[in-house]
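S.K.: Quick one: sequence plus predicted model below, questions after.
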Amino acid sequence: MDDMKKVANSSCNDGVLLRMGLNDNKAGMEGLDKEKINKIIMEATKGSKFYENELKKDQQVNQRIEKMMQLKEKITAQQLLKAQLQVDKLVMELEQNRNLSSTIVHIDMDAFYAAVEMRDNPELKEKPIAVGSMSMLVREILAEYDPNFMPMGLDEAYLNITEHLEERLNWPEDRRRFFISTESTTGIGKDGMNMSAKFNKAEVSSSPVLFEDDTSLMDDNLEQRGLSVENSVVFGTSAEEVVKEIRFRIEQKTQLTASAGIAPNTMLAKMCSDRNKPNGQYRISPERLAVLDFLKDLPIRKVPGIGKVTEKMLKALGIVTCSELYHQRALLSLLFSEVSWRNFLDISLGLGSTHLEKDGERKSMSTERTFSEINTAEDQYSLCRELCRDLAQELQKEGLKGKTVTLKLKNVNFEVKTRASTVLSSVATEEEIFTVAKDLLGSEIDSVAPHPLRIRLMGVRVSGFLTEEEKKYQQKSITSFLKSGKEIGSLRLQPEKSNQEYFTKNSQAPHRGSFFDQKRAARQLNRENISPNKSRGKQLFHDDNSSEDFVEETKKVTDLQNSNVCKIFTCPVCFEKQSSNNLEELNRHIDECLNRMCVKDTVEISKNYSSRENTPNFLPQLKNEYVDKCQKNKTDQLAGTDQSASVSDNSANSNTEKIGQIIPDKSPREQQPSNLSDIARNVCMKQCLFPKRISQDNEDDFGKTEHTEGTSSSCSFEAKEDTVLVCPVCNSEQKTTNLVSFNRHVDVCLNKGLIQELTEKEDCLTKTDNMENFNRAFSGDLSKGQQCTNPSQGAKSTAR
DNA sequence: CTTTCGGCG
DNA sequence: AAGGCGCCGAAAG
């Protein structure tokens, strides 16, 4: 880190020297006109302003890293062990759901190389290069392989060719034959010539390898077809051949080459397309080992979604490759948010979306512009209006209305500020947006007064969109409901509270952050008490960290799920022998053991455990070596052996994985859909959905985590005797006091779409999530995005 | 909810 | 060829 500072400083000095040099020039060359020099100096200062800001940003990242490292130092061996167990349980679940049956293709136009060619050969500029190339291939070529293919920007696209591959098997050869256009060879200049020459040479005449699975092309067909055969090519039926065909047709059409990746999911496909770029392709065969092998030494930076900051942070933890990412999974689960570490886990296992879901509803829309300094309020306001106008136009195209307007400003020092304001009624038109934006701008101008606000960028964003349901109900039911609420008290379960309060409170369910975050926070308080020997974990986690073991290691974790032997085992926490046929009991024992260490946690957690039913239906096989190791570790501890080194260096140990599935515990929020996916529970969930939130309102300790997580409270299906239930949607009194039927009515009343959506996704929704969605739809608060993510894929699996 | 950040093409 | 730009979603506070 010191090195970095040095580099930065010297670069700064260079900048100064440069400017001094310019001054010398100025003195020496009197003929040079003032303006030009001023301009150069301006550029230089602009550069340094920019650079200064880059340095600042870099230091902020360094601080983040420092903070993370401090957090890491405080992690105890017990915490790490527990995390390891939990993460590994998840790993097994993920493995079990691994889907290798899709064939996803990622096509990436070699635009950059085209640009280089163009630079070298200005004659080629006439060509309608990438202009609309992808949207054209939209229709003309790609759709033949996947009618639902997904263009990503102008120069790349995903295709799911699974179905095409099946159909193609029955295709006659002629349907797979394509004629080589000779037009391309007429291109003037060496490039036109080179390209077609390259193609002919490499892909047709002299490289049978490229058509390895099309035997017919090579021999007899050549003879049969006579002259035309010289100009045609037949592609085989394998995925590779399909993609070659696509790339061939793209090149014929656009004169541009494309690279492609073939893999069982989008993430891998994208990484594959990068492999043999330009003008190449790569395939990961649909086998688990092939996937893991591909990832083994792959730098995490290659993964979509991992940018330079994440790379740097992980590097600070000694993580550079994907296998290292896997090895450190336990540590990562303690250091990062749940979304992040789960994403890391998906990456390291090579999991991603196996189908091309059209991206969900957009959550915001914005427009912004960079310009040379603007410092008069007048100009700034008119610019602001202009942006609002543009944005309003775009919003209208998609029929969107939002509640939050955000103004973004970048001053001449490259410092970015955003100011947001959320209004009660939604905005969509230029005027509506501007009304909000101008106030934000105004207060920013005021804040620097009497100095002028010197900006180089301004942007306006609208977010917090209304859903369809809301648009419908906004004016009608909800408003009337809210209005009338004061008069008649629609939900009189707690007459002393206004409905406003009711909903506000409900929407504040405090479960941001991961399970680990919460538990970590709790443990932080009594860490001193519970960790008599901070370095306990060193030997427990002996880890050679070699990537060769990566494949083996993940295998071990999963192998366990198939083993159901072992009736006696040693508790990995207290090291006492336990014998039982009842796995649930064993799990409970370990849970208790683990949590005994975390004094204050214990009560809550064991309460949670005892009410959980997702016990794995298999028994772990614990190898003796593991037990030995644990016991050795124990004796070391007792002997007071000091290993003060940081635990993370050896946090991952294949042995520890062998007991991964013992712990059934997981907070419901992060609970994956068990393969049991038991209908009964889901039914119960649905029934609980509404009664629960009503009954919650009666509870004093409403805000407590256990309740919002929905772990222990029982379903009460009957409202109190004297309550009158008023449907919050249609605002009519309901005769029934049975909450189930009341809820059914509300179901009907509310837009079905939402309910249906919830039902479809209920596998991955917890009660809390359901309630959140409900509350959101109910109260009209849509500022939060959907929290449900497909459990079979990363939280952020596809780049936009 | 507001503000900042990370990442992508 | 590298980095600025416009945009989005999500983390952080």
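M.R.: Noted; the coordinates are in hand.

S.K.: What are the buried residues along the host helix or strand of residue A:244?
M.R.: Secondary structure from DSSP states H and E places residue A:244 in helix A:239-254. For helix A:239-254, a neighbour-count test (16 or more other CB atoms under 10 Å) marks A:239-252, A:254 as buried. For every residue, glycine as well, the C-beta is placed using N, CA and C.

S.K.: Considering those, which is situated nearest to DNA strand C?
M.R.: Nearest to DNA strand C among the buried residues of helix A:239-254 is residue A:254, at 18.3 Å by CB to the nearest atom of the strand.

S.K.: for the record, mean pLDDT for the helix holding residue A:244?
M.R.: For helix A:239-254, mean pLDDT rounds to 93.

S.K.: Whatever helix or strand comes next after that helix vs DNA strand B: in contact?
M.R.: With elements assigned by DSSP H and E, the helix or strand that comes after helix A:239-254 is strand A:258-263. No - against DNA strand B, strand A:258-263 shows no contacts by CB under 7 Å from any atom of the strand, the least distance being 11.8 Å.

S.K.: Output the contacting helices and strands for the helix or strand that comes right after strand A:258-263.
M.R.: Sequence-wise, the next helix or strand downstream of strand A:258-263 (DSSP H and E) is helix A:266-275. Applying 3 or more CB pairs under 8 Å, 6 or more residues apart in numbering; DSSP states H and E, one finds that helix A:266-275 contacts strand A:104-109, strand A:156-160, strand A:258-263, strand A:281-283, helix A:288-296.

S.K.: quick one: contacts of stretch A:138-147?
M.R.: Contact with stretch A:138-147 is made by A:105, A:107, A:149, A:151, A:157, A:159-161, A:163-164, A:242, A:246, A:249-250, A:253, A:356, as judged by CB atoms under 8 Å, 6 or more residues apart in numbering.

S.K.: Could you work out the most separated pair of those residues?
M.R.: The span of those, defined through CB to CB, is set by A:163 and A:253 at 23.1 Å.

S.K.: Would you pull up the residue in the stretch 151-300 of chain A closest to DNA strand B?
M.R.: residue A:153 (3.1 Å).

S.K.: what pLDDT does that residue get?
M.R.: The model's pLDDT for residue A:153 equals 80.

S.K.: what's the burial count for it?
M.R.: By other CB atoms under 10 Å, the residues close to residue A:153 number 10.

S.K.: and what of residue A:348?
M.R.: Residues lying near residue A:348 (other CB under 10 Å) number 27.

S.K.: One more: residue A:447?
M.R.: Residue A:447 has 11 neighbours, counted by other CB under 10 Å.

S.K.: With the one 10 residues further on instead?
M.R.: Under the neighbour criterion other CB under 10 Å, residue A:457 is assigned a count of 16.

S.K.: What is the neighbour count of residue A:419?
M.R.: Residues near residue A:419, counting by other CB under 10 Å: 16.

S.K.: and the closest residue to DNA strand C within chain A, what pLDDT?
M.R.: Nearest residue of chain A to DNA strand C: residue A:339, at 3.0 Å (CB to the nearest atom of the strand). Here, the pLDDT recorded for residue A:339 equals 90.

S.K.: Pull up the gap between it and DNA strand B, please.
M.R.: Taking CB to the nearest atom of the strand, to the nearest Å as the measure, residue A:339 falls 12 Å from DNA strand B.

S.K.: And residue A:383, by the same measure?
M.R.: According to CB to the nearest atom of the strand, residue A:383 and DNA strand B sit 19 Å apart.

S.K.: and that residue, how many neighbours?
M.R.: 17.

S.K.: would it count as being in a helix?
M.R.: Yes - with DSSP: H, G, I helix; E, B strand; the rest coil as the criterion, residue A:383 is part of a helix.

S.K.: who's in contact with it?
M.R.: So residue A:383 contacts A:369, A:371, A:374, A:458 (CB under 8 Å, 6+ apart).

S.K.: Now do the SS call for the first one.
M.R.: Three-state assignment for residue A:369 (three-state DSSP): strand.
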